[in-house]
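> No sequence on hand, only this structure:
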């Protein structure tokens, strides 16, 4: 982790003051690795009637077949009570269900116990969601960054922007001006986020610097991390022309996952993928190996007769492509550890300095969501929702 010569680094909670608690889905079946499974599950739910539909739905105190809720912001889903629902499945959307694991979700408010509509209102192609992971090891950053809505149950979620369209950054008011005066050049909000990703410590403090050269190096490292975590754009590649690929065909549905460290080979049943660098296999978030968790999410047995049991009977080709890319991403992120560790802050911008400059404490309004009226939101039973 980055070294500092002081104990007065500001808190992430002050630098990015608006945060939202994680979503709580309440049931697993509205999420799946592929959209086809979700549409099949929705059809099965609507074909069932009475007690069968209720059992398939898996009611909780927050959601039953009779719950009356409005649409999620910007999403076209039915609002009639599920007990008599007949409409089509809402078009599934990509979400981050676990560290580095993008899956699909039915964006229907009736299926989600606690949906956090304030996050849906600001989710668009320019948004970046920062997720606290609870990682306390020295090797991996305690934050994830994603372009899609995160649904994993970890720590707080901090959007980079408070409004759609990449407007009004979720940064302490006055911080950009303060950094501009110290660095001699105005950083953009994504640059501040890149610095945060590269330097944040396990206690979620963020050492800032007024050393322009150090800032530039840290932002470059953080930009690389941000690109790898978001995985948007060109597919990443390992250096030296190495790339993992399938050496032996994967079985129809592998049930075991093992790793041969000497041969750098990932074994999915009788299937073989290599080269897989040890750093990719060892990459953990909050004490859990990412590759093992990703595989288990696709192969762990589901209870027979549940909607979650409706899933592919064989391993789909897109999963192999996703796995190959994930291996590359983890290996490349691990390679950035020495560069992150070398970011020794010797000209700190301290929390005390931010207080003297009037940047801290942040006003209470900065910790609350902005008023966003860009989305039409239908209320329960088709009523107009007043915002």
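Right, received. Where do you want to start? Because the structure is a prediction, the values reported are computed rather than measured.
> Return the residues in contact with the residue in the chain sticking out farthest from the centre.
Distance from the centre of the chain peaks at residue 50, with 36.3 Å (CA atoms, centre = their mean). Not one residue lies near residue 50 by CB atoms under 8 Å, 6 or more residues apart in numbering. Using the backbone N, CA and C atoms, a C-beta is placed for each residue, glycine as well.
> Relative to residue 58, how far out is it?
As judged by CB to CB, to the nearest Å, residue 50 and residue 58 stand 15 Å apart.
> same question, residue 88
According to CB to CB, residue 88 and residue 58 sit 21 Å apart.
> Neighbour count: the two, which is higher?
Shown here are residue 88 and residue 58; by other CB atoms under 10 Å, residue 58 has more neighbours (17 against 12).
> domain parsing for the protein?
Using automatic domain parsing, the domain parsing of the chain gives 12-234+349-382, 239-340.
> Residue 240: neighbour count?
The number of residues packed near residue 240 is 6, by other CB under 10 Å.
> Same check on residue 322?
Neighbour count for residue 322, taken as other CB under 10 Å: 19.
> Which pLDDT value belongs to it?
Residue 322 carries a pLDDT score of 95 in this model.
> again with residue 376
In this prediction, residue 376 carries a pLDDT score of 57.
> Equivalent analysis for residue 346, please.
The model's pLDDT for residue 346 equals 87.
> Pretty sure it sits against residue 211.
Yes: between residue 346 and residue 211 a contact is recorded at 6.8 Å, counting by CB atoms under 8 Å.
> neighbour-wise, which of the two wins?
Shown here are residue 346 and residue 211; by other CB under 10 Å, residue 211 has more neighbours (17 against 12).
> How many residues are close by the residue lying closest to residue 351 once chain neighbours are set aside?
Once flanking residues are discounted, residue 351 sits nearest to residue 10: 4.3 Å by CB to CB, 6 or more residues apart in numbering. Residue 10: 23 surrounding residues under other CB under 10 Å.
> who are the neighbours in contact with residue 10?
By CB under 8 Å, 6+ apart, the contact list for residue 10 reads 205, 206, 208, 349, 350, 351, 354, 360.
> what's it sitting at in phi/psi?
Here is the backbone geometry of residue 10 (degrees, to the nearest 10): phi -70, psi 160.
> any idea how far residue 365 is from it?
Noted for residue 10: a distance of 19 Å to residue 365, by CB to CB.
> What segments of the stretch 201-350 of the chain are helices?
Secondary structure of the stretch 201-350 of the chain (DSSP state H, counting those that start in this stretch): helices at 212-230, 278-282, 290-299, 317-335, 337-341.
> which helices and strands does the fourth one pack with?
It refers to helix 317-335. On a contact count with 3 or more CB pairs under 8 Å, 6 or more residues apart in numbering; DSSP states H and E, helix 317-335 meets helix 212-230, strand 245-248, strand 271-274, helix 278-282, helix 290-299.
> Columns distance to residue 20, mean pLDDT and mean neighbour count on top of the ones you listed, output as a markdown table?
What follows is the helices and strands packed on helix 317-335, written out as a markdown table (distance: least, CB to CB, whole Å; pLDDT from 0 to 100; neighbours: other CB atoms under 10 Å):
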| stretch | distance to residue 20 | mean pLDDT | mean neighbour count |
| --- | --- | --- | --- |
| helix 212-230 | 19 | 97 | 19 |
| strand 245-248 | 40 | 96 | 13 |
| strand 271-274 | 37 | 98 | 18 |
| helix 278-282 | 31 | 97 | 19 |
| helix 290-299 | 23 | 98 | 18 |
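> if we compare these, which one ends up closest to residue 46?
Taking CB to CB, helix 290-299 is the member of the helices and strands packed on helix 317-335 nearest to residue 46, at 25.5 Å.
> Quick one: list the elements packing against the closest one.
Judged by 3+ CB pairs under 8 Å, 6+ apart, the packing partners of helix 290-299 are strand 93-98, strand 101-105, strand 257-260, helix 317-335.
> quick one: which of the helices of the stretch 201-350 of the chain is nearest residue 180?
With CB to CB, the closest approach to residue 180 among the helices of the stretch 201-350 of the chain belongs to helix 212-230: 10.9 Å.
> got the angle between that closest one and strand 93-98?
Angle of helix 212-230 versus strand 93-98, following axes from the mean of the first three to the mean of the last three CA atoms, to 10 degrees, is 110 degrees.
> For helix 212-230, name the packing helices and strands.
Secondary-structure packing of helix 212-230 (3+ CB pairs under 8 Å, 6+ apart): strand 143-146, helix 189-199, helix 317-335, helix 337-341.
> Now name the helix or strand holding residue 62.
Per DSSP states H and E: residue 62 is located in neither a helix nor a strand.
> Can you tell me how far the closest residue to it other than its chain neighbours is from residue 58?
Nearest in space to residue 62, with sequence neighbours left out and distances taken as CB to CB, 6+ apart, is residue 113 at 3.9 Å. With the distance defined as CB to CB, residue 113 ends up 11 Å from residue 58.
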